[in-house]
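Asker: coords please:
(one chain, ligands or ions: 2)
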Amino acid sequence: MTPKAPPVIEIRNLHKSFGALEVLKGVDIAAKKGDVVSLIGSSGSGKSTLLRCANLLEDSQKGEILFDGEPVRWRGEGQRRQPADRKQVIRIRTNLSMVFQQFNLWAHMTILQNVMEAPLIVLGHAPDEVEARARALLDKVGIGDKCDAYPAQLSGGQQQRAAIARALCMEPRALLFDEPTSALDPELEQEVVKVIRALADEGRTMIIVTHDMRMAADVSDHVVFLHQGRIEEQGPPAEILADPQTDRLRQFLSATV
Ligand code: ADP
Ligand code: MG
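Answerer: Ligands and ions are numbered 1, 2, ... in the order given. Below you'll find the predicted structure:
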């Protein structure tokens, strides 16, 4: 990778409204290969919407989204703007795997089937190859013995680790996490944080929405504080979290500790 390589994911001046409610008011964010960017901010500040816009689960009205330097092509403008190229959307979406707060595993499938489903169906990879990869990933997140269990038989922390294995099995260019530890009891949270830290250590590109300031401090290269749809402050975690410059970030941090 040359230093000049474009970011894996880059968002420029993104605007997003739901009807009359403007949720994102010109947001810029980028993650280069190997970057871990944490996105923090109060509930309702637009964090989930930003992630969903990034992988084109939501439409946006203005601004650019670039994937490996390639801009998303749009048709129409403003409220009528939509991605113009279905194949491009699928390529981007399959390369930005998302991990959700509520795991979103399929209840009627075993853990192994959950992890194998998308690479088999969406990517059309060979079953033997996908199964080997899925088993290795489940081992890696520490639940190799749960392949044949159903989601309901697992703890929340185990389910979230299965969801991470599922995201990895797509061999994405980047991972997007939306509050991956918020639904977990504190003692289960740490086992998921450990997996995320290991992914950071191996150089994965990640954008992580989180309420967990310790994890943000621990794993990120860059922290972005979103407030009412705008970036209020950003920088390396040691600066942002230890020495906030704005009252809003100071207030936010003192309320979350
Ligand atoms: P966060 O993840 O930071 O808590 P969200 O991105 O979920 O914030 O929401 C930002 C704002 O957008 C909130 O005011 C929320 O009510 C609104 N919002 C989110 N999704 C929708 C939707 N599908 N329709 C209408 N409003 C929405
Ligand atoms: Mg959210």
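
Asker: Ligand 1 contacts on the stretch 51-200 of the chain?
Answerer: Counting by CB under 6 Å from any ligand atom, no position of the stretch 51-200 of the chain is adjacent to ligand 1. Where C-beta positions appear, they are placed from N, C-alpha and C, glycine not excepted.

Asker: quick one, strands of this structure?
Answerer: Under the criterion DSSP state E, the chain contains strands at 9-18, 21-31, 36-40, 62-67, 70-71, 74-75, 82-83, 96-99, 174-178, 206-209, 222-227, 230-235.

Asker: avg pLDDT for the third one?
Answerer: This means strand 36-40. The predicted model gives strand 36-40 an average pLDDT of 98.

Asker: now could you export just the CA positions of that strand as CSV?
Answerer: What follows is the C-alpha trace of strand 36-40 in CSV, where atoms were taken according to Å, rounded to 0.1, in the frame of the first residue of the first chain:
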residue,chain,number,x,y,z
VAL,A,36,-9.6,2.4,13.5
VAL,A,37,-11.9,5.4,13.8
SER,A,38,-14.3,5.7,16.8
LEU,A,39,-17.4,7.7,16.5
ILE,A,40,-18.8,9.0,19.7
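
Asker: just to revisit the earlier point, select, out of the strands of the chain, the one closest to residue 126.
Answerer: The closest of the strands of the chain to residue 126 is strand 96-99. By CB to CB, the value is 19.7 Å.

Asker: coming back round to it: let's have the strands of the chain in JSON lines, adding distance to residue 167 and mean neighbour count.
Answerer: As requested, the strands of the chain are arranged in JSON lines below (distance: least, CB to CB, whole Å; neighbours: other CB atoms under 10 Å):
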{"stretch": "strand 9-18", "distance to residue 167": "15", "mean neighbour count": "18"}
{"stretch": "strand 21-31", "distance to residue 167": "15", "mean neighbour count": "18"}
{"stretch": "strand 36-40", "distance to residue 167": "15", "mean neighbour count": "27"}
{"stretch": "strand 62-67", "distance to residue 167": "17", "mean neighbour count": "18"}
{"stretch": "strand 70-71", "distance to residue 167": "22", "mean neighbour count": "12"}
{"stretch": "strand 74-75", "distance to residue 167": "27", "mean neighbour count": "14"}
{"stretch": "strand 82-83", "distance to residue 167": "22", "mean neighbour count": "13"}
{"stretch": "strand 96-99", "distance to residue 167": "4", "mean neighbour count": "23"}
{"stretch": "strand 174-178", "distance to residue 167": "6", "mean neighbour count": "24"}
{"stretch": "strand 206-209", "distance to residue 167": "10", "mean neighbour count": "26"}
{"stretch": "strand 222-227", "distance to residue 167": "21", "mean neighbour count": "23"}
{"stretch": "strand 230-235", "distance to residue 167": "25", "mean neighbour count": "17"}
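
Asker: Which residues does stretch 184-203 contact?
Answerer: Where contact means CB atoms under 8 Å, 6 or more residues apart in numbering, the residues beyond stretch 184-203 that reach it are 33-34, 36, 141-142, 155-157, 160-161, 164, 175, 177, 180-181, 206, 208, 212, 215, 218-220.

Asker: Is it possible to get a markdown table of the strands of the chain that adds distance to residue 122?
Answerer: Rendered in a markdown table, the data for these read as follows (distance: least, CB to CB, whole Å):
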| stretch | distance to residue 122 |
| --- | --- |
| strand 9-18 | 19 |
| strand 21-31 | 23 |
| strand 36-40 | 25 |
| strand 62-67 | 17 |
| strand 70-71 | 20 |
| strand 74-75 | 23 |
| strand 82-83 | 17 |
| strand 96-99 | 11 |
| strand 174-178 | 16 |
| strand 206-209 | 21 |
| strand 222-227 | 29 |
| strand 230-235 | 32 |
